[in-house]
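> pasting a predicted model and its sequence here:
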Amino acid sequence: MLDAIDVDDEEALFDIPETVAFDGEFGIDPRSERGIRRECAQLFDRNDDLVEFLGRGHYGHYVPSVVDHLSDRAEFITSYTQYQPEVSQGFLQVLFEYQSMLVELTGLPVANCSMYDAATGLAEAATLADRVRSTSGDVVVVPEHLREGKAAVLENYCAGADLTVESYPMDDGIVDVDALADRLGDDVVMVYAENPTVRGCIEERLSAVGDLASEHDALFTLGADVVALSVLEEPASVGADVVVGEAGVLG
């Protein structure tokens, strides 16, 4: 290939200024690990310690150091392909622990493992509702405060399944239950709510939302933060049929 383009070597393909080209020496004095850690700590201390207000599903989570140690254990990293039936393989053990924890947190009898993210989980819940509910409808209702990326994925899935996505009002960051009740009818196959909401509010009337969904024979899908479920009501107790969320928050 070099002959075809009439160059002598690969270096001729790149225009690297001499001031930044590697000449065999990094120019960094050798030092101990302790010394490097001390210098990095002094450098990082110069950064401003700011409060993060990003929100909208993006939250700072503390990841315990035990996570790194557990992920290094051989029983969790056995390098077999995932479809082989050996019960001893590490991947199956990870999935078993993951599913066991999720059913404990959600109160639901079954946990899958898993979708790509919360957005695809929500979209799959919509198509699931269309298949399993006895309604003859084709409408999925979601909060008007819904992250754009999640809404876009849902719209994409629903378009292929001939479902329509509509939104219901929110009242100061949480579900407007009365407005939701006015919207629900026989045409609705799924009701979706989130806890915490996109504004970071805790929904206090999820049981009312679940009751409304049940009255209209619609699937009640709840978007939840897995870490928050350790202190919030379990979704099963408020009538949730399906729970979706991001597993990445587990570390």
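Everything's here; your move.

> chain center to the helix of greatest length in the chain: distance?
Secondary structure of the chain per DSSP state H: the longest helix is helix 90-106. Relative to its parent chain, helix 90-106 has a centroid offset of 16 Å by CA atoms, centre = their mean, to the nearest Å.

> in the helix or strand following that helix, which residues are buried?
Using DSSP states H and E, the helix or strand that follows helix 90-106 in sequence is helix 118-132. Residues 118-130 are the ones in helix 118-132 that count as buried (16 or more other CB atoms under 10 Å). No exception for glycine: its C-beta is placed from N, CA and C like everyone else's.

> ditto for stretch 170-187
Within stretch 170-187, the residues scored as buried using 16+ other CB under 10 Å are 170, 174-177, 180, 183-184, 187.

> same deal with stretch 142-160?
Buried-residue list, stretch 142-160, by 16+ other CB under 10 Å: 142-143, 145-147, 150-151, 153-155, 157-158.

> export these to CSV and tack on secondary structure and distance to S136?
Output for these, formatted as CSV (DSSP: H, G, I helix; E, B strand; the rest coil; distance: CB to CB, whole Å):
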residue, secondary structure, distance to S136
V142, strand, 20
P143, strand, 24
H145, coil, 29
L146, coil, 25
R147, coil, 30
K150, helix, 27
A151, helix, 25
V153, helix, 25
L154, helix, 21
E155, helix, 22
Y157, helix, 20
C158, helix, 16
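
> tell me which two in these are the farthest apart.
Pairwise distances across these peak at 20.0 Å for H145 and Y157 (criterion: CB to CB).

> okay, and which of the buried residues of stretch 170-187 map to strands?
Using DSSP state E, the members of these that fall within strands are 170, 174-175.

> just those now: which is nearest A228?
I174 (14.8 Å).

> for the closest one, give me its contacts.
197, 201-205 (CB atoms under 8 Å, 6 or more residues apart in numbering).

> let me know the pLDDT of it.
pLDDT for I174: 91.

> partners of it in the sheet?
D171 (DSSP bridges).

> distance of it relative to A74?
46 Å (CB to CB, to the nearest Å).

> what do you get for E155?
Distance from E155 to A74, by CB to CB: 44 Å.

> also M1?
43 Å.

> hmm, G121 is touching G245, no?
Yes: using CB atoms under 8 Å, G121 is in contact with G245, at 7.1 Å.

> tell me the contacts of E155?
V165 are the contacts of E155 under CB under 8 Å, 6+ apart.

> one more time with 10 Å
Neighbouring residues of E155 by CB atoms under 10 Å, 6 or more residues apart in numbering: 123, 126, 140, 142, 163-165.

> ok, now which ones touch R133?
188-190, 213, 216-219, 241.

> could you rerun that using 8 Å?
189-190, 217-219.

> out of those residues, list just those in helices.
Reading helices off the contacts of R133, I find no matches (DSSP H).

> can I get these in TSV with distance to I28?
Shown next, in TSV, are the contacts of R133 (distance: CB to CB, whole Å):
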residue	distance to I28
V189	62
M190	58
D217	68
A218	63
L219	59
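
> which one of the residues you listed is nearest L102?
L219 (18.3 Å).

> partners of the closest one in the sheet?
The partner residues for L219, given DSSP bridges, come to M190.
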